[in-house]
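Undergrad: how would this look folded up:
(chains A and B)
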Amino acid sequence: MSRLGALLARETALAWGRGGGPMVSVGFYAGVATLLPLAIGPEPARLAAIAPGAAWVALALASLLSLDRLFERDYEDGALDHLALSPVPLELTCAAKCFGQWLATGAPLALAAPIAAIGLGAPLALAPLIFACALIGGLAFAFTGGIGAALTLGARRGGLLTAMIVLPLFVPPVIFGGGALASFLAGLPWTSGFALLAAYAAAFVALGPLFMAAACRNALS
Amino acid sequence: MITGLELRGVSVRRGGRKLFSDLSLSLAAGEACALTGANGAGKTSLLRAVAGLVPLEAGEILFGDTDPAEARHEGLHLVGHQDGLKPARTVREELTFWSLWSGGTAASVEDAAARLDLTTLLDLEVRRLSAGQRRRLALAKLIAAPRPLWLLDEPLSPLDAGWRTRFGAMMQSHLAGGGLILAAVHDPLPIAAKVLEIAG
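TA: Numbers count the residues shown, from 1 in each chain, chains lettered A, B, ... in the order given. A predicted model of the protein is given here:
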């Protein structure tokens, strides 16, 4: 197995166990989706109208749960030192960590997203688009979240700080994904919103690791 | 292949405090050096500076004819107090990963586990290990993925007398093969070594 393959397998396994792993994220997601009808009333028409957007926002919040430990645990126990002493560029190492995070929590959340939206009253025909948006949006959340997690290395109450840094970066994918879903429901062209979401995710997959590696090097020194 | 280690007028500052200045050292292949000094003198920081993890305020660090970046990425091991091992993973998973990460193979993992007497512990979670067993696991990657320069931070502290002797023999064997060792210690190394005292 190559170094990167070994790292990806390790990171996915660690993310699976980090802070309860995907079960906690999916449980949190299900909790938010359950609370909504209690807060705004059980009328099916009202719930159906907000279902896609509510499922999408809940997904962004659930993605935050385990982000703060993405680099922190490796920083505290010295693993980040050892990861840096390798021919594999630290940028690629950071990308593998985010990708592992996405596989362990983003993908299960993407599977849960259509179920939650349909449970809230969204039409069945929307399910494939919600899944696709959640999958790609989850990638954007993992890589933007990685920047916040790396920037707060060693900081007190880093989890809260990570959320403060990351939430503004979550705004574009929430707008693009929510826009695509709303357009689909209204029978309008939805591909532009989806394409913007994919472009945003691709940009942060490409550029995010540069910021993460710089922040990690700064923390290590 | 790193054939030497040379520190020329090295100074390091951490957190606004100068740890040491104008430190020089020359090590050839087959030589070891024990870094001594009081707690907080900067022994660990010097090891991390050699590894490229801490910036130098002044001076330079050379690795013989080898490019410093290549030497740091492929030519040295750093084993310190923070071993990077995950408590919930098994000994086999951690040893295999760190060996692969450092350029070792699956076969070398088995050999390293046997030499560090970890074979019967391979399927145990790291959290179940004693401090000495855990240190042996951290040291096993030195054997599983051979690299010429060993940077060791208090390598002997959690080991019992028997394992100190056995690890001394491993260090001796490494030096005989042309390796180099720079070790921060409070207790004397069980091998012949130069001594560099960091006064702070």
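Undergrad: Every contact and neighbour count from this point should use C-alpha atoms.
TA: OK.
Undergrad: Moving C-terminal from the longest helix belonging to chain B, which element do we reach first?
TA: Longest helix of chain B, by residue count under DSSP state H: helix B:161-176. Next along the chain after helix B:161-176, taking DSSP states H and E as the criterion, comes strand B:180-184.
Undergrad: average pLDDT for that following strand?
TA: For strand B:180-184, the mean per-residue pLDDT is 95.
Undergrad: so how far is it off the chain centroid?
TA: 7 Å (C-alpha atoms, centre = their mean, to the nearest Å).
Undergrad: Look at residue B:157 and say how many residues are nearby.
TA: Neighbour count for residue B:157, taken as other C-alpha atoms under 10 Å in any protein chain shown: 15.
Undergrad: mind checking pLDDT for it?
TA: Per-residue confidence (pLDDT) for residue B:157: 85.
Undergrad: next one: the one 3 residues further on
TA: Residue B:160 carries a pLDDT value of 90.
Undergrad: before we move on, the earlier item: helices or strands next to the longest helix of chain B in the packing?
TA: strand B:180-184 (3 or more C-alpha pairs under 8 Å, 6 or more residues apart in numbering or on different chains; DSSP states H and E).
Undergrad: now the strand it packs on and helix B:161-176, what's the angle there?
TA: 140 degrees (axes from the mean of the first three to the mean of the last three C-alpha atoms, to 10 degrees).
Undergrad: In the sheet, which strands lie alongside strand B:180-184, parallel or antiparallel?
TA: If you go by DSSP bridges, strand B:180-184 pairs up with strand B:32-36 (parallel), strand B:149-153 (parallel).
Undergrad: Quick one: closest of these to residue A:27.
TA: strand B:149-153 (43.0 Å; C-alpha to C-alpha).
Undergrad: So what touches that closest one?
TA: B:2, B:44, B:47, B:75-81, B:142, B:179-185 (C-alpha atoms under 8 Å, 6 or more residues apart in numbering or on different chains).
Undergrad: on that earlier part again, possible to save the strands paired with strand B:180-184 as a markdown table with mean pLDDT?
TA: Conversion of those to a markdown table gives the following (pLDDT from 0 to 100):
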| stretch | mean pLDDT |
| --- | --- |
| strand B:32-36 | 93 |
| strand B:149-153 | 95 |
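Undergrad: Among those, which comes closest to residue B:121?
TA: strand B:149-153 (23.4 Å).
Undergrad: Can you get me a residue count around residue 25?
TA: Since no chain was named, I'll use chain A. Neighbour tally, residue A:25, other C-alpha under 10 Å: 24.
Undergrad: Not quite, go with chain B.
TA: Burial of residue B:25 is recorded as 15 neighbouring residues (other C-alpha under 10 Å).
Undergrad: does the residue in chain B that chain A sits nearest to count as helix, strand or coil?
TA: Proximity of chain B to chain A (C-alpha to the nearest C-alpha) peaks at residue B:84, 3.7 Å away. Under DSSP: H, G, I helix; E, B strand; the rest coil, residue B:84 falls in the coil class.
Undergrad: how near is the residue lying closest to it once chain neighbours are set aside to residue B:174?
TA: Nearest non-adjacent residue to residue B:84, counting by C-alpha to C-alpha, 6 or more residues apart in numbering or on different chains: residue A:79, 3.7 Å away. To residue B:174, residue A:79 is 24 Å away according to C-alpha to C-alpha, to the nearest Å.
Undergrad: So these two - more neighbours on which side?
TA: For residue A:79 versus residue B:174, neighbours defined as other C-alpha under 10 Å are more numerous around residue B:174 (22 against 19).
Undergrad: Roughly how far does the most far-flung residue of chain B relative to its centre sit from residue B:57?
TA: Computed with C-alpha atoms, centre = their mean, the residue of chain B farthest from its C-alpha average is residue B:16, at 26.5 Å. Distance, residue B:16 to residue B:57, using C-alpha to C-alpha: 11 Å.
Undergrad: One more: residue A:21?
TA: Applying C-alpha to C-alpha, the value for residue A:21 to residue B:57 is 42 Å.
Undergrad: ok, these two, which is more surrounded?
TA: residue A:21 (19 against 15).
Undergrad: How about the more buried one: what's its closest non-neighbour residue?
TA: Nearest to residue A:21 is residue A:15, by C-alpha to C-alpha, 6+ apart, at 6.0 Å.
Undergrad: did I read that right, residue B:2 in a strand?
TA: No: using three-state DSSP, the assignment for residue B:2 is coil, not a strand.
Undergrad: Tell me which stretches of the chain form strands.
TA: Assuming you mean chain A. Counting by DSSP state E, chain A has no strands to list.
Undergrad: Can you look at chain B instead?
TA: Counting by DSSP E, the strands of chain B are B:4-14, B:17-28, B:32-36, B:58-62, B:76-79, B:149-153, B:180-184, B:194-197.
Undergrad: Kindly present those as JSON lines, with separate columns for distance to residue A:34.
TA: Shown next, in JSON lines, are those (distance: least, C-alpha to C-alpha, whole Å):
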{"stretch": "strand B:4-14", "distance to residue A:34": "51"}
{"stretch": "strand B:17-28", "distance to residue A:34": "54"}
{"stretch": "strand B:32-36", "distance to residue A:34": "61"}
{"stretch": "strand B:58-62", "distance to residue A:34": "60"}
{"stretch": "strand B:76-79", "distance to residue A:34": "49"}
{"stretch": "strand B:149-153", "distance to residue A:34": "52"}
{"stretch": "strand B:180-184", "distance to residue A:34": "57"}
{"stretch": "strand B:194-197", "distance to residue A:34": "64"}
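Undergrad: Highest mean neighbour count out of those?
TA: Among the strands of chain B, strand B:180-184 has the highest mean neighbour count (mean count of other C-alpha atoms under 10 Å in any protein chain shown), at a mean of 27.
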